[in-house]
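Peer 1: Predicted coordinates and the sequence they were generated for:
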Amino acid sequence: RGGGHDHVVVRLGTRGIVRGVDIDTRHFTGNYPPQASLEAADGGFDTPVDKLHWRELLGPSDLGPDSHHYCAVADAEPVSHLRLNIFPDGGVARLRVYGEPLPDWSRTDPGEALELSAIANGGRIAGFNDAHYGDPWVILIPGRGINMGDGWETRRRREPGHDWILVRLGAPGVIERVEVDTAHFKGNYPDRCSIQAALVGNTTDQALAARAGEWPELMAPVKLAMDHQHFFEAQELSDLGAVDCVRLNIFPDGGISRFRVYGRPQL
């Protein structure tokens, strides 16, 4: 009523390149903002907000009531903070930011095994042959699954073969530990699993999917149990040197809640 606009500053969970945003006005029907814009800054996580230098990431964009508004972003500069501006005021249910994490490996202990598969460390799903239930990417997030929907599950096979999922690691590394968690999967967990791995560099995801079945084994097939965290240490893994992509094979099908790969980055 007095002019101007409102804003909120968000510090991202990890520094990265933003590829898209979703401004969600769900449930805001008569009090949603007619427009919104986004500004970005890359000032380090400890930089006070009033010291950040802002640049436009997304110009003023029209919003509607009770809706998702996905906007692609064409900006190759790293981002640590975002400022969401709404014009002139109103309600936003969720702001979701999608992109590529840029972890700062220089701040880690070179001798420490890190979770190279974690999304916050740049890990991502590069392919899978089936995902009938759930969302494959959640197997890389922190914590344990809250139910069977919080995991990756394939359909029941009625033909020979097995299912698989590809994970690109955030950095090449020598693998020292693997976790396969079947939390909440009781009558539908895989009987066995194995892991293959390779150093693939800039190979496309499509090319990876076509050739990953030929990779050497990081871990031979092992039995799994229902609703259980399985940890496999270095002595149970083959020494393949540095790898940057792994393929988890499940036999013959079933559900996995979390999959974690730990290793020493080789940068």
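Peer 2: Looks like it came in fine. Quick caveat: nothing in here was measured; it's all calculated off a predicted structure.

Peer 1: Quick check on Gln235: phi, psi?
Peer 2: phi -70, psi -20 (degrees, to the nearest 10).

Peer 1: So which residue is smack in the middle of this protein?
Peer 2: Most central in the chain under Cα atoms, centre = their mean is Ile119, positioned 3.6 Å from the mean C-alpha point.

Peer 1: For that one, which non-adjacent residue is closest in space?
Peer 2: Spatially, and ignoring its direct neighbours in sequence, Ile119 is nearest to Leu140 (5.0 Å; Cβ to Cβ, 6 or more residues apart in numbering). To be clear about C-beta, it is placed using only N, CA and C from the backbone, and glycine gets the same treatment.

Peer 1: got a list of what Ile139 touches?
Peer 2: 125, 151-152, 165, 256-259 (Cβ atoms under 8 Å, 6 or more residues apart in numbering).

Peer 1: That one looks like it's in a helix, true?
Peer 2: Yes - using DSSP: H, G, I helix; E, B strand; the rest coil, the assignment for Ile139 is a helix.

Peer 1: Which element, helix or strand, includes the closest residue to it other than its chain neighbours?
Peer 2: Leaving aside its sequence neighbours, Ile139 sits nearest to Phe259 (Cβ to Cβ, 6+ apart; 4.5 Å). If you go by DSSP states H and E, Phe259 is part of strand 258-265.

Peer 1: list the helices and strands that strand packs on?
Peer 2: Counting contacts by 3 or more Cβ pairs under 8 Å, 6 or more residues apart in numbering; DSSP states H and E, strand 258-265 is packed against strand 114-115, strand 163-181, strand 242-251.

Peer 1: try it again with 6 Å
Peer 2: In terms of contacts (3 or more Cβ pairs under 6 Å, 6 or more residues apart in numbering; DSSP states H and E), strand 258-265 is packed against strand 163-181.

Peer 1: from the middle of its chain, how far away would the strand holding Phe259 be?
Peer 2: 13 Å (Cα atoms, centre = their mean, to the nearest Å).

Peer 1: what's next to that strand, contact-wise?
Peer 2: With contacts defined as Cβ atoms under 6 Å, 6 or more residues apart in numbering, strand 258-265 is touched by 105, 113, 115-117, 139, 171, 173-181, 246, 248.

Peer 1: Quick check: Pro48 vs Gly16, distance?
Peer 2: 21 Å (Cβ to Cβ, to the nearest Å).

Peer 1: Could you check which of those two has the larger neighbour count?
Peer 2: Neighbours per residue (other Cβ atoms under 10 Å) separate Pro48 from Gly16, with Gly16 holding more: 20 against 7.

Peer 1: give the contact list for that one.
Peer 2: 99-102.

Peer 1: Only the buried subset of those residues, as a ChimeraX command please.
Peer 2: A single ChimeraX command is used to select the members of the contacts of Gly16 judged buried by 16 or more other Cβ atoms under 10 Å:
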select :99,101,102
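
Peer 1: mind listing which of the contacts of Gly16 are in strands?
Peer 2: 99-101 (DSSP state E).

Peer 1: Would you confirm that Arg247 contacts Gln196?
Peer 2: Yes - with contact defined as Cβ atoms under 6 Å, Arg247 and Gln196 form a contacting pair (4.5 Å).

Peer 1: By mean pLDDT, point me to the weakest helix or strand of this structure.
Peer 2: strand 133-134 (a mean of 90; mean pLDDT, DSSP states H and E).

Peer 1: Identify the bridge partners of Phe259.
Peer 2: Val180 (DSSP bridges).

Peer 1: and Ala209, which of the three is it?
Peer 2: Judged by three-state DSSP, the three-state class of Ala209 is helix.

Peer 1: picking up where we left off before, how far away is the residue nearest to the centre of the chain from His7?
Peer 2: From Ile119 to His7 the distance is 27 Å (Cβ to Cβ).
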